[in-house]
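K.L.:
Could you work out the structure for the sequence below:
(one chain, ligands or ions: 1)
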Amino acid sequence: MADKNVVITGAGGFVAGGVVLQAPGHWTAHAVSRGPAPVARPGLVWHTVDAGAPGRLAAAIRDLRPDAVIHTVANPNIDYCETHRDEVVWVNVELAREVAGAAEAVGAKLVHCSTDNVFDGRRGMYREDDDPGPVNFYGLTKLRAEEAVLAECPGAVIARVAIVMGLPLLGKGAPFLVRMANAVAEGRKIVTPSNEVRTPVDLISLGRALIELAENDFAGVIHLGGSQRIDRVGMMRLIAPRMGVDPALVEPGPADNLPAPRPPDCSLDNMLAQRVLKTSLPGILGGLERVLAFRDGRPER
Ligand SMILES: NC(=O)c1ccc[n+]([C@@H]2O[C@H](COP(=O)([O-])OP(=O)(O)OC[C@H]3O[C@@H](n4cnc5c(N)ncnc54)[C@H](OP(=O)(O)O)[C@@H]3O)[C@@H](O)[C@H]2O)c1
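P.N.:
Okay, here's the model as predicted:
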């Protein structure tokens, strides 16, 4: 018998898939998306709502009166954000403010997804109380959203998420595991810049962590990164054999000439999360194992 109503916004997105498909049996998971339901399962109620229209998502939350809201909606495309500033301020900042106001109004616990890109990346292994200093417009919108969310809903969780390693579960997403699989199929080399250091988190552990945060008493900022600090080349080479790729096909390349600057090292210290959560946040191979086990419907090794 379901005893908790939880709204998941941006339900058709990549990160939301890890929540929607792992929602516990005692939840009625209200998945709110602009698109139609890609899947039907017990306990899942899909709501097609034009979240891009001001007031619609907030109205849906007020109508549903959930116990918790997991807000994943954003435009996470770093280069698009840099070049479409007015457009993304609405979805990344103002919509988050609206959702936070609605969550506060109905007494729902809000878990808001933020990013490691709030940091400038000059040092790495950032803790929750380190000063943010975004170097790109995406990071700036996400920082403004954090501030707006906490102003509207002081008991909210700000979950700063590291780069996510996963496969699309409900459809959307252009995760690097897919790019790697495509490169293998086409016999291409994988050239990736070696100048970005991160603490990748796998989609399955991230989904579990967000679910826990929607249910427990934690409030405030928390870093959800994996337990391994690594650059992109190292990460791809570690993953390669498990994806059927010769690691020699992964080559370091120059930093891409992209519209938005990247923080060089925005790795996250996940000590707080490891203390607060029952879900462990593994390193690259442990996380990959969770992703592949989930895809294949088998227990993790
Ligand atoms: N992926 C990562 O590596 C990563 C890393 C750090 C932080 N994050 C954060 O995690 C959250 C989810 O990211 P994601 O990778 O899952 O992104 P995603 O796959 O692009 O999903 C975001 C969802 O937001 C909704 N959305 C986007 N633009 C919208 C608009 N203009 N109006 C209304 N709804 C809109 C869409 O949901 P519907 O299609 O269902 O309407 C979209 O699927 C974001 O807050 C992002 O900043 C992601």
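K.L.:
max-length helix in the chain?
P.N.:
Longest helix in the chain by number of residues, with DSSP state H as the criterion: helix 137-152.
K.L.:
Using PDB, write out every CA atom in whichever helix or strand comes after that one.
P.N.:
Counting by DSSP states H and E, the next helix or strand C-terminal to helix 137-152 is strand 157-161. C-alpha atoms of strand 157-161 as PDB (Å, rounded to 0.1, in the frame of the first residue of the first chain):
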ATOM      1  CA  VAL A 157      18.000  19.800  -0.100                       C
ATOM      2  CA  ILE A 158      20.400  21.100  -2.700                       C
ATOM      3  CA  ALA A 159      21.900  18.000  -4.200                       C
ATOM      4  CA  ARG A 160      25.000  19.000  -6.100                       C
ATOM      5  CA  VAL A 161      25.400  16.300  -8.700                       C
END
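K.L.:
what angle sits between strand 157-161 and helix 137-152?
P.N.:
160 degrees (axes from the mean of the first three to the mean of the last three CA atoms, to 10 degrees).
K.L.:
Other residues contacting strand 157-161?
P.N.:
15, 109-116, 118, 128, 146, 149-150, 201, 206, 209-210, 213, 218-225, 268 (CB atoms under 8 Å, 6 or more residues apart in numbering). C-beta here means a position set from N, CA and C on the backbone, and glycine is covered the same way.
K.L.:
strands paired with that strand, and their directions?
P.N.:
Strand 157-161 sits in its sheet next to strand 109-115 (parallel), strand 220-224 (parallel), going by DSSP bridges.
K.L.:
Does residue 83 touch residue 138 like I think?
P.N.:
No - taking contacts as CB atoms under 8 Å, residue 83 lies outside contact range of residue 138: 10.8 Å.
K.L.:
residues in contact with the closest residue to the ligand within the stretch 1-150 of the chain?
P.N.:
When scored by CB to the nearest ligand atom, the stretch 1-150 of the chain has residue 13 as its residue closest to the ligand, at 2.2 Å. For residue 13, the contacting residues are 72-73, 170, 172-173, by CB under 8 Å, 6+ apart.
K.L.:
and among the strands paired with strand 157-161, the most buried is which?
P.N.:
For these, average neighbour numbers computed from mean count of other CB atoms under 10 Å are highest in strand 109-115, which has a mean of 27.
K.L.:
anything in that strand near the ligand?
P.N.:
Yes - Strand 109-115 reaches the ligand (CB under 6 Å from any ligand atom) through 113, 115.
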